[in-house]
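Novice: here is my input, please return the structure:
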Amino acid sequence: MTETTTKPQRKPLSRYLPIAIVAILFALAIVFRVHERFSLDALYAQSESLDAFVMRNYAIAIAIFMGVYALAVASSIPGASFLTLSAGFLFGTWIGGAAAWIAATIGATLIFLAARTAFGDALRARAGGWLTRLGAGFRNNAFSYLLVLRLTPVAPFFVVNLAPAFFNVKLRDYVLATLLGMIPGAFVYASVGDGLRAALETGAAANPNEAARAILLSPQVFGPILALIALALLPIAIKAMRGRKAEAPQ
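Specialist: Below is the predicted model of the structure:
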């Protein structure tokens, strides 16, 4: 009787593709010092050339912007909020907000897939102690918990992108919760960017004091700022509601 030995199946190389993309993008970002270009000063300085390019190549400009945004999120480069502001500045609240929303979801999904590969341990170390703090929520109700994390600034953006991968959150649930949870922030920040555009067009941007006053009092910014404050207070409200529910007599 001959014994048959089964060779271990080789894991497909495609499972390493997401982390390879992330590693390449991160290296390129460091080499070209991309993060240093994420500033309002740089945006103002290049506004004329950017506007001219957008006017001549509107669809291409949106596609390029979305690609840059998705790659920045996938490589965990700080600056997602600034990019969303830039989207509103260049394309307006609604088009810019939609472009940022979709691109952020694509980038977050890439880093989520990368964290599920054999290189996930390296990304796990980067997330640090946040994983322990977020673990219970993902184990109890992953979709609802992720949705709350997307809606509120409780944890760093890149941590929220990574953490679900280490708690067996389904890709479908991750993408859906990310899509829904990023809607308010995307359009609020894009609206602020649209307000920056309004301040620049009135000439207020030439004087820092006038610019600050014009931006804060413009309808495109004042309302969104209130919305951002509401989003920041949402975790406190949720915690208070849970506390009342726990104290209620059974």
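Novice: I'd like to know how far Ser49 sits from Arg56.
Specialist: 11 Å (Cβ to Cβ, to the nearest Å). Yep, even glycine has a C-beta here, placed from its N, CA and C like the rest.
Novice: equivalent analysis for Phe89, please.
Specialist: Separation of Phe89 from Arg56 (Cβ to Cβ) stands at 18 Å.
Novice: stretch 158-178: which residues count as buried?
Specialist: Going by neighbour count (16 or more other Cβ atoms under 10 Å), the buried part of stretch 158-178 is 158-167, 169, 174, 177-178.
Novice: contacting residues around Ala103?
Specialist: Each residue near Ala103 by Cβ atoms under 8 Å, 6 or more residues apart in numbering is listed here: Phe65, Met66, Gly67, Tyr69, Ala70, Val73.
Novice: can you rerun that using 7 Å?
Specialist: For Ala103, the contacting residues are Met66, Tyr69, Ala70, by Cβ atoms under 7 Å, 6 or more residues apart in numbering.
Novice: by neighbour count, which of these wins?
Specialist: Tyr69 (24 neighbours; other Cβ atoms under 10 Å).
Novice: which phi and psi does the closest residue to that one other than its chain neighbours have?
Specialist: Ranked by Cβ to Cβ, 6 or more residues apart in numbering and with sequence neighbours excluded, the top spatial neighbour of Tyr69 is Ala103, at 3.7 Å. Backbone torsions of Ala103, given as degrees, to the nearest 10, read phi -60, psi -40.
Novice: do Pro78 as well
Specialist: Pro78 adopts backbone torsions of phi -60, psi 140, taken as degrees, to the nearest 10.
Novice: on that earlier part again, Phe89 and Arg56: which has the busier surroundings?
Specialist: Phe89 (25 against 9).
Novice: quick check, that one in contact with Arg197.
Specialist: Yes - using Cβ atoms under 7 Å, Phe89 is in contact with Arg197, at 4.9 Å.
Novice: ok, and the closest non-adjacent residue to Arg150?
Specialist: Gly181 (2.2 Å).
Novice: surely the one you found and Thr152 touch.
Specialist: No - checked against Cβ under 7 Å, the pair Gly181 and Thr152 is beyond contact range at 8.8 Å.
Novice: ok so, going back, quick one: contacts for the residue nearest to Arg150?
Specialist: By Cβ under 7 Å, 6+ apart, the contact set of Gly181 is Leu147, Arg150, Leu151.
Novice: name the residues that touch the helix or strand encompassing the first one?
Specialist: When you say that, I think you mean Leu147. Element membership for Leu147 (DSSP states H and E) is helix 130-151. Helix 130-151 has contacts (Cβ under 7 Å, 6+ apart) with 124, 155, 159-160, 163-164, 166-167, 169, 173-174, 177-178, 180-182, 184, 231, 234, 238.
Novice: and Ala61, how far is that from Val54?
Specialist: For Ala61, the distance to Val54 - Cβ to Cβ - is 4 Å.
Novice: and if you look at Leu113?
Specialist: Leu113 is 31 Å from Val54, by Cβ to Cβ.
Novice: tell me where this protein is predicted with low confidence.
Specialist: For the chain, applying pLDDT under 70 flags the ranges 1-39, 118-128, 199-250.
Novice: for Ser47, give its distance to Arg150.
Specialist: For Ser47 relative to Arg150 (Cβ to Cβ), the value is 30 Å.
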